[in-house]
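# 3D, please:
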Amino acid sequence: MTQEGDVVLVNMDNAPVFFARIESITEDVKPEWFHVKLLVLKIPLLTITWILREPYINGTEFTMGGRPMRIEQVVAPEDEVEVPPAEEKDAPPVPGKKKTAVQTETSGKVVSMFDRRRKDHSS
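Sure thing, here's the model as predicted:
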């Protein structure tokens, strides 16, 4: 069920058009219809208000000006779990030392984020 604060993808003619955040959903004077205020996530930011029924807010296709529309709730993908390289798996942890390096899958090279910042600020 889509609700206030959710990010949605708006499709028109079966193609994605824009992302938006639902700012508010308030009842309309007509029973079973709602004013849905959307913050369109593009530059410049834009707010629009559509009058929709609950099934339309939750993904059922509807038409606007004769064009098929659909609102689809965006669900963030799960965080990827970092797997340490083989040589670090067996190495005992160093007391008091925090792991600050990021492993890239393509190169296998470990790059310290703190060393990179020092280089950027020293030039």
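
# contacts for stretch 66-84 next, please.
Identification of contacts with stretch 66-84 by CB atoms under 8 Å, 6 or more residues apart in numbering yields 2, 6-14, 19, 52, 56-63, 102-103. In short, each C-beta sits where N, CA and C put it, glycine included.

# mind listing which of the residues you listed are in strands?
Here DSSP state E is the test, and these give 7, 8, 9, 10, 11, 12, 19, 52, 62, 63, 102, 103 as lying in strands.

# what pLDDT is listed against residue 66?
On the pLDDT scale, residue 66 is placed at 95.

# what's the local residue count around it?
5 (other CB atoms under 10 Å).

# for it, what are phi and psi?
Torsion angles at residue 66 (phi, psi; degrees, to the nearest 10) stand at phi 80, psi 0.

# quick revisit: can I get the buried part of the contacts of stretch 66-84 as one PyMOL selection?
This is how PyMOL selects the buried members of the contacts of stretch 66-84, with burial counted by 16 or more other CB atoms under 10 Å:
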select buried, resi 2+6+8+10+11+52+56+57
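
# tell me which two in the ones in strands among the contacts of stretch 66-84 are the farthest apart.
Using CB to CB, the two most remote members of the ones in strands among the contacts of stretch 66-84 are 63 and 103, lying 49.3 Å apart.

# beta partners of residue 46?
residue 40 (DSSP bridges).

# these two touch, right, it and residue 23?
No: using CB atoms under 8 Å, residue 46 is not in contact with residue 23; the gap is 11.5 Å.

# what residues are shared contacts of these two?
Shared contacts of residue 46 and residue 23 (CB under 8 Å, 6+ apart): residue 39.

# surely residue 50 meets residue 40?
No: with contact defined as CB under 8 Å, residue 50 does not reach residue 40; the gap is 11.2 Å.
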